[in-house]
Each structure stands twice: as structure tokens, then as C-alpha cells.
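In: below are the sequence and a predicted model for it; my questions follow.
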Amino acid sequence: MRLARYRPVALFLAAAVALELLAVHGGKGFLLTQLTMSAYYTLVVLGLSLLMGYAGQISLGHAAFFAIGGYASAALTTWDLSAWGGTGLVKALVAAGALAARRDAYGGPVLAFHPWLACACAVALALLVAWLVGIPVLKLTGHYLAMATLGVGTIILSVAVGTEALGAADGISGVPPFPLLFGAAVGGSAAERVVNYYVAFGLLALGLLLLSNLVDSRVGRALRAIHGAEDAAGAMGVDTGRLKLRTFVLSAGMAAVAGVFLTHFNGGIGPSEASIMKSVKYVSIVAVGGMGSLWGTLATSLVLNFLSLRGYFGSFDDAVFGGILILIMLFSPDGVLSPRLWRAARAAVLRPRPAEAPAAGDAPAAGDAPEDVR
Amino acid sequence: MFGELVAQYLVAGLTYGTIYAVVGMGFNIIYNATGIINFAQGEFVMLGGMTAVSLSTLLPLPIAIAGAVLATMAVGALIEMTFIRWLHRPSVLRMIIITIGISILVREAALLLWGQGVRALPYFTGNEVSSIALGGARVSPQVLWAVGACAAMVVAITAFFRFTMLGRQMRACSANRVAASLCGLPTRNLITLSFVLSAGMGALAGCVVSPITQTQYGMGTGLAIKGFTVAILGGLGNSLAALAAGLLLGVVESFSVSLLPTAYKDAVSIAVLLAVLFLRPSGIFGGRVAARP
């Protein structure tokens, strides 16, 4: 019976393998690049889904944590220390294996931090920032929380754009591949496309496993209690403040991991990754997938990110996400997979009642209690 | 020399401060009527400026500005009637997301209509180089126009809420919507009116500062954050305090440029927002305890 809970993740992995085989044998191997990127963005969205859907806390600054991870890793792995090669500190770092020597695009020697160390530092930095920011921010609710997280996102963005060492408006490029086990590396070379695809989807499956176990645990039930009624949850003995903070830090950490990997995969990162619009996109995907539905969020995120990255929305990309956001929130705030929406749709098809619009907000369940976060 | 520099920063700060104040007051008008923070508030400023620039190529400047304000008011009414009017007790999270969606759509529509270019209205009097000496600082006459227009707006809107029947009805509606509708007030229309007023104020502010700050399709988001900061600083719902907070924020931001790189200017005002949110969420001027709902 214990194995049954792993079935969805196993099914997901099987679907990922099928997709890969289909793409490669269908001669569309190039699609794997965008699928890989979608998988990383989906990792961010899943973390946000835990925060928004289960703990009921909105974050309009999640792109910032992605950017912290990506920028920190990019900066550390491209920061050439060979000029200080003679100093004792650098020698000690080399001896400890913390630095890796390589050649840049022009063949010049570069001595920079090893990607593994950079990755650890980047994620630790994101966790630290999330923790420090989360303590005061998560005391806020409603508009205040939304604006405060938006503000944090904007600060990180202006630091990225305004700091010369982070490449200002150009961002950081020339980020080396991230060597994993068995000679595989997270990087942009076409030869390693399939490996990278599996790394990304493996990471995503791990995230799913973590989250699906978490939401079914004592912690998950406590989070849902906070979402339902924070005061009541507190009265029942749930340490709401600490739990919200931990959820926030965890979801920020997932965003940072995605940021690190995607930055190494793309070989660079730019300030657009920290933009408000990115954060809003993540929120809109969580909204479409359904707050509190990991699998719904997973599916919509993979599809929407893939379509967006392939450029199907053209120059209307932002408008499409804005439109989706409004439509979902107006007509089905529980997401496209919400049972309520399907019931309403079925009722509308089976016996059309022109007088009654199938708007979710009018459903009796919404009645007097506001249906989600205050 | 030092005194002149201070005066110059002060004038620049007050110029930006007045527009922040007007956006903040726009937030307050809608918040008072509906309890909604309209994240699309900055887009009204952008729409006002952009429409006026387009109209000014065909019409004389005052008529173009009036037309732009009226058009933006119509957009405000349209937004309320399309997206907000028929929602039954929407939750805060839902309204945040919907108004963010609206702001994206308005911005993208503006991008489609006007492109990415930076536009500006001509100076109302004189030109870019004309200036008036004012206590050691050189002030462009346009600054006086902007400050004057914003001051007039603040006075007018305060008088409207205090002395006219319609204004009183709106206050009744914001105090207790159910009671207001039991007294026979058309609460839904009053809420639409709050969007219209708020849009109109934003649009006029967008027109008077357009020659100085210029207008671009994406300017709304930054202004919305600043305006919200101002509204929070003054205590949500308190319009006169928002005015003071707006001027204060503008000046703080302007002086921050002398210490930090310009790119961090936005970060400074947001740091102010965060500090206030954490330390005194009822606002520096507010005495109300209800700020954390």
C-alpha cells in the first residue's frame, strides 16, 4: 500500500520518457530544449503552488528568488580569480578543490568557483534572503502581503539592473556547464540535450515527490488549516507563523534551485528573469492550474511554459498571460481543473439555463465566507 | 552652492511627489468605495498621458488634455463594469489577481497602439530650457503647472467628498455599503463613479507631468508601487495624509539619488514601503488600527 503513493510520480516519469522518445524519434529533438526549460520553470511554479494554494500566501516576487539562485551561481562561476592566483587564500581554495580552472570562449584561462560550490552558495543565499524577508513579510496579509512581496521583487530587480558586477542590463553570460555525475553536465550543448531533459524532469519528479508527500502529511494538513482560517488554525495549536515562514523558504529554495540549473543550461541569465512580469506569470500559472492542486499546476505549467517558450503567443505573450489570469479569476477561481467548473459546464450543456451564468462566485458554497485568502 | 543643490533636489522631489500623491489618492478613492487595491492605477496615468499626446497632434492642447481625461474616465468605468461590478463578494486574493491582469492587458493594448516609444506633451508654457528662479533653484514653469494642477485636484476632490451630495453618498457607500443601499443609494453606480474619478485624477496627473517625466507604455507598474507606498504611508483610505506622504516620498527619493546610483532609486522608495509595512502598517500619519485586516 505504501507504494501506491509513488504511483502518480512514476506515471509522471513514464509520461516524461514517452514524451522524450516521441520527440527524438519524431525528428523533433529540438523541442527538448524548451521542454527542459519548461520543467525548470515548473519547479518554481510548484513551489509557489505550495505557498499560494496550500498555505494561502500570495507572493508577487517569486522571480526574485529564481534570479538570486541564477545570478549567484552565474557570478561565482564566472568570477575569474586567476589574477589573484598567487595569494594564499586562492591557493588554499584551489587545494580544497573549491575552484575549477577552465578556458573561456577565447581560450583564455579562467579560475572560478566550482559549479557545485556555487550552486550550494546560491541556494543558501536564496534561502537566507527568503528567511530574512519572510519573517516580517509573512506577518502581513491581503494587499499588504501582495505589495510587500512585489516590493521585494522590485528591489532584487533593481539591484540586478543597477549593479555593474552583475552585468547591469546585459546580465551575465559565459556561464560554464554544471558537471553532474558520470560525466553528464547541465549545459547548452546539443549533444547533451537528452541528458539535460532527464536531469530537468528528474529534478521535477523529485520536487513533486517532496511536495506530494508534504501536503499529505501533518504539515500539509496544518497548511490547509491556515489557508482555511488562520486564527482557527492558531487556536488549534498550529504554529502558523513558523509554518508559513518554512513554506515560504522552501518554495524560495525550489525557485533558486531551478534558477541555478536553468542558468547553467542557458549559459547565462539576464535581469528579465527577475522582472515583475515573470513573477506574475508564475502566479497566473498557479491560478490556472488551480490553487492547491499540484498535478493541475504541473500540467498547466508544462503546457503554458512550453507554448510561451516556443513563441506560440508571439508578441502577445504578456497579454495572453494577463488575459488568462483575468478569465480564470473571473469565472473559475479554483483553476481550469476545478470540479465546480466542470459541474457548471455539464449543467450548462445538459440543460441550458440562459438566466443563470455559471460563475463560480455565485455558487452557494462561496456564500458568506470569502473563498480564499483574506 | 550646497544650498542651491538642496533646493534643486527639493524641487525635483516635490514634482515627483505630487504625482505619487495623486496616484496614492486614486488608490484611496477606490479602496474606500470597494476595499479593493486597484493594481491598474498606474495605467490610468499612462493612458492619460498617451491619449493626450495623440490628441494634441490634432487638437489644441487644453482640449486634448480634457479629451484624454474623459477618455481615461470612460476606460475606468468600462473596467469596473466589465470585470468588477458583477462579482459577488470576491476575496482579496482574487481581486489582486484580477486587477493585475487588467493592468497587464491595458499595458499591452497601449504597447500595441502606441509602440515602445517614449512620448511627451509639449511644455504648457515656454520650453525645456525656460526656467523661473525660485529661492535659489531654477524651476521649469511646467513644475509649477504640475504642482498647481495636483494641488487643485486635491482641493477639488476633498471639497467634492465633503460638500456635495454625490460626494457624501460615496462616503456613505464606503462607510457601510449595505446601509447605504438600504437608504436607497445606487451603490453599484457609486462604485463605478469611484473608478471614474480615480481614472480621471490619474489621467490629469499623467498629462501635466508628461512634458517633464515623459510617457511610456510601461510606466504604470512603477507608479502603482509608488502610489501604493504613499497610500500606505498615509494610512489606507486617508487622502490628505496621502498627499503629505507623496511629497515626502518624492523628496526622500530625490535626495537618495545624491547618495546612491540612480538605478537604486526605486529600491529606496520600496525600502521605505517595506519599513513602514513592518513597523507601522497603519501609516505614519494614521491612527487607525484596522490596517491589518
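Out: Arrived safely, thanks for sending.
In: the residue in the stretch 101-250 of chain A that chain B sits nearest to: neighbouring residues, count only.
Out: In the stretch 101-250 of chain A, the residue that lies nearest chain B is A:G162 (2.7 Å; C-beta to the nearest C-beta). The way it works is simple: take the backbone N, C-alpha and C, and place the C-beta from them, glycine included. Counted with other C-beta atoms under 10 Å in any protein chain shown, residues neighbouring A:G162 total 19.
In: can you tell me which residues contact the closest residue to it other than its chain neighbours?
Out: Spatial nearest neighbour of A:G162, excluding adjacent residues (C-beta to C-beta, 6 or more residues apart in numbering or on different chains): B:A263 at 2.7 Å. Residues in contact with B:A263 (C-beta atoms under 8 Å, 6 or more residues apart in numbering or on different chains) are A:S158, A:V161, A:G162, A:T163, A:A168.
In: for residue 182, which residues are in contact?
Out: Just so you know, I chose chain A. Counting by C-beta under 8 Å, 6+ apart, there are no residues that A:F182 touches.
In: sorry, I should have been clearer: chain B.
Out: B:L182 neighbours (C-beta under 8 Å, 6+ apart): none.
In: isn't B:E4 right next to B:A133, touching?
Out: No: contact criterion C-beta atoms under 8 Å: B:E4 and B:A133 do not qualify, at 10.4 Å.
In: surely A:I172 touches A:G268?
Out: Yes: in this structure, A:I172 is within contact of A:G268 by C-beta under 8 Å, at 5.7 Å.
In: between these two, which has more neighbouring residues?
Out: Taking neighbours as other C-beta under 10 Å, A:I172 and A:G268 compare with A:I172 leading, 22 against 18.
In: how about the more buried one, nearest residue that isn't a chain neighbour?
Out: Closest residue in space to A:I172, ignoring its immediate chain neighbours: A:A74 at 4.1 Å, by C-beta to C-beta, 6+ apart.
In: so where is the stretch 1-150 of chain B shaky, pLDDT-wise?
Out: Applying pLDDT under 70 to the stretch 1-150 of chain B picks out residues B:1, B:128, B:134-136.
In: which bits of it sit near chain A?
Out: By C-beta under 8 Å from any C-beta of the partner chain, the part of the stretch 1-150 of chain B that sits against chain A consists of B:37, B:83, B:86-94, B:96-98, B:100-105, B:107-109.
In: what's the PyMOL syntax to select whichever of these are buried?
Out: To isolate the buried subset of the residues of the stretch 1-150 of chain B next to chain A in PyMOL, counting by 16 or more other C-beta atoms under 10 Å in any protein chain shown, use the following:
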select buried, chain B and resi 37+83+87+90+91+92+93+94+96+97+98+100+101+102+103+104+105+107+108+109
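In: what's the neighbour count on A:V123?
Out: 23.
In: which helix or strand contains it?
Out: Using DSSP states H and E, A:V123 sits within helix A:115-137.
In: assign the residue of the stretch 151-293 of chain B found nearest chain A to helix, strand or coil.
Out: For the stretch 151-293 of chain B and chain A, the shortest gap (C-beta to the nearest C-beta) falls at B:A263, measuring 2.7 Å. Assigned by DSSP: H, G, I helix; E, B strand; the rest coil, the conformation of B:A263 is helix.
In: can you show me the strands along chain B?
Out: B:132-134, B:137-139 (DSSP state E).
In: neighbouring contacts of the last one?
Out: For strand B:137-139, the external contacting residues (C-beta under 8 Å, 6+ apart) are B:E4, B:A7, B:Q8, B:L10, B:V11, B:S131, B:I132, B:A133.
In: the third one and B:F2: what is the separation?
Out: For B:Q8, the distance to B:F2 equals 11 Å [C-beta to C-beta, to the nearest Å].
In: OK, contacts around B:I30?
Out: Contacts of B:I30 (C-beta under 8 Å, 6+ apart): B:I36, B:I37, B:N38, B:Q41, B:S194, B:F195, B:S198.
In: repeat that for 7 Å
Out: Residues in contact with B:I30 (C-beta atoms under 7 Å, 6 or more residues apart in numbering or on different chains) are B:I36, B:N38, B:S194, B:F195, B:S198.
In: what's the neighbour count on the last one?
Out: The reference is to B:S198. 29.
In: leaving out the residues flanking it, which one is nearest to it?
Out: Once flanking residues are discounted, B:S198 sits nearest to B:G26: 4.1 Å by C-beta to C-beta, 6+ apart.
In: surely that neighbour touches B:G200?
Out: No: applying C-beta atoms under 7 Å, one finds B:G26 not in contact with B:G200, separated by 9.0 Å.
In: neighbour count winner among those two?
Out: Remark: of B:G26 and B:G200, B:G26 carries more neighbours, 33 against 23, as counted by other C-beta under 10 Å.
In: by neighbours, which of the contacts of B:A263 wins?
Out: So for those (other C-beta under 10 Å), the most neighbours sit at A:V161, 22 neighbours.
In: A:G220: how many residues sit nearby?
Out: By the other C-beta under 10 Å criterion, the neighbourhood of A:G220 contains 18 residues.
In: next up, identify which helix or strand it is on.
Out: Per DSSP H and E: helix A:218-228 holds A:G220.
In: okay, buried residues for that helix please.
Out: Neighbour count says helix A:218-228 has A:V219, A:G220, A:A222, A:L223, A:R224, A:A225, A:I226, A:H227 buried, by 16+ other C-beta under 10 Å.
In: quick check: closest non-adjacent residue to B:A109.
Out: A:A319 (7.8 Å).
In: mind jotting down where the helices sit in chain A?
Out: For chain A, the helices defined by DSSP state H cover A:7-25, A:31-49, A:62-78, A:88-95, A:115-137, A:142-162, A:193-215, A:218-228, A:230-235, A:240-266, A:276-289, A:294-309, A:317-331, A:339-350.
In: how about the stretch 151-293 of chain B?
Out: Using DSSP state H, counting those that start in this stretch, the helices found in the stretch 151-293 of chain B span residues B:165-175, B:177-182, B:187-213, B:220-233, B:239-259, B:265-279.
In: how deep is the closest residue to A:V219 other than its chain neighbours tucked in, by neighbour count?
Out: Of all residues not flanking A:V219 in the chain, A:L243 sits nearest, at 6.9 Å (C-beta to C-beta, 6+ apart). Each residue near A:L243 was counted by other C-beta under 10 Å, and the total is 18.
In: hang on, isn't A:L243 packed against A:R221?
Out: No: the pair A:L243 and A:R221 fails to qualify as a contact (C-beta under 7 Å) at a distance of 10.8 Å.
In: wait, isn't B:K265 in contact with B:F255?
Out: No: B:K265 is not in contact with B:F255 according to C-beta under 7 Å; the separation is 10.5 Å.
In: who's in contact with B:V75?
Out: B:L47, B:A199.
In: any idea how far it lies from chain A?
Out: According to C-beta to the nearest C-beta, to the nearest Å, B:V75 stands 15 Å off from chain A.
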